[in-house]
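> next input, structure requested:
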Amino acid sequence: MSRKKIVAGNWKMNTDYNEAMALITNVFNASKTLINVEKIIFPPFPFLQSACEITKNETSFFIGAQNCSEHLSGAYTGEVSANMINSIGCSYVLIGHSERRLFFKETDDQLILKIKHALNHNLRIVYCVGEQLDERKNASHFDVVRAQLENVLNNFNELDLEKIHIAYEPVWAIGTGETATPDQAQEMHAYIRGVINKNFSAEAAEKINILYGGSCNSKNAKELFSCNDIDGGLIGGASLKADEFCKIMLSF
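I've put the predicted structure just below:
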């Protein structure tokens, strides 16, 4: 079975409006011919609607939100619901990113609710998992990732899983200049696929897209993307440079 090739860019809390519009326009125009690669951009919330307008007629280019609330509506000042995100034309939402888990103390129960609301409002999901440096050093990294997968995804069925991509974030390799070796990345991606096989089915495991999310750039992307179980990347800092991001797209 041939899985989709996916390159996603998480801009985090970067760019102002003019910078964001220039970046999305440059990436969009430069990648129009790459119809065999699915592109997903996760800009900050204030820029989502404008980004959706720029990319709305491109069938392989999608805009997503970096987070959504576990609540549908109500007195939750500062929160943004899945319905709001869908209503402006977004196709995706990023859930469970390591920074949300670490800095905002998001729990499995919250992540389950976020995914439920996202699915109910026709959003696809990039669900993030990954271990901290101490967890890799003490050899608990497989247990940590398995728990992040099972505690959340086991609340959903195989039809739901068809709308979910998984992004593996070796947290120790984000923003540090460190990168998991291709062997380390492939090992964990294969392990993740094995967990999906065990908890769902061999077919589900073969179909699900697993992205690498640890300091991927144009220099290491080709080697990483050539690994059997790595279907693309969730790109952080390198997605803020149009030329660099497009070079990563060409790495398959």
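> compute the first-to-last residue distance for stretch 20-39.
16 Å (Cα to Cα, to the nearest Å).
> how about stretch 210-218?
End residues of stretch 210-218 are separated by 19 Å (Cα to Cα).
> and if you look at stretch 170-187?
For stretch 170-187, the first-to-last residue distance is 12 Å (Cα to Cα).
> cool, and stretch 24-40?
One end of stretch 24-40 sits 11 Å from the other (Cα to Cα).
> tell me who's in contact with I248.
For I248, the contact set (Cβ atoms under 8 Å, 6 or more residues apart in numbering) comprises 7, 216-218, 221, 233, 235, 238. C-beta here means a position set from N, CA and C on the backbone, and glycine is covered the same way.
> which ones among those residues are found in strands?
Taking DSSP state E, the ones among the contacts of I248 that sit in strands are 7, 233, 235.
> what number of residues lie near the last one?
Put plainly, it is I235. 28 (other Cβ atoms under 10 Å).
> excluding its backbone neighbours, what's nearest it?
Residue nearest to I235 in three dimensions, not counting chain neighbours: G9, with 5.0 Å by Cβ to Cβ, 6 or more residues apart in numbering.
> three-state assignment of the one you found?
Put simply, G9 is strand when judged by DSSP: H, G, I helix; E, B strand; the rest coil.
> all strands for the chain, in order.
So, for the chain - with DSSP E - the strands run 5-10, 37-42, 61-65, 92-95, 124-129, 164-168, 210-212, 232-235.
> nearest to R146 among these would be which one?
strand 124-129 (8.9 Å; Cβ to Cβ).
> hmm, who's touching that closest one?
8, 40, 62, 64, 91-98, 111, 115, 118-119, 145, 148-149, 152-153, 163-169, 192, 211, 213, 234.
> just the angle for it relative to strand 61-65, thanks.
60 degrees (axes from the mean of the first three to the mean of the last three Cα atoms, to 10 degrees).
> mind picking out the helix or strand in this structure with the poorest mean pLDDT?
Ranked by mean pLDDT, DSSP states H and E, the weakest helix or strand in the chain is helix 133-137, scoring a mean of 90.
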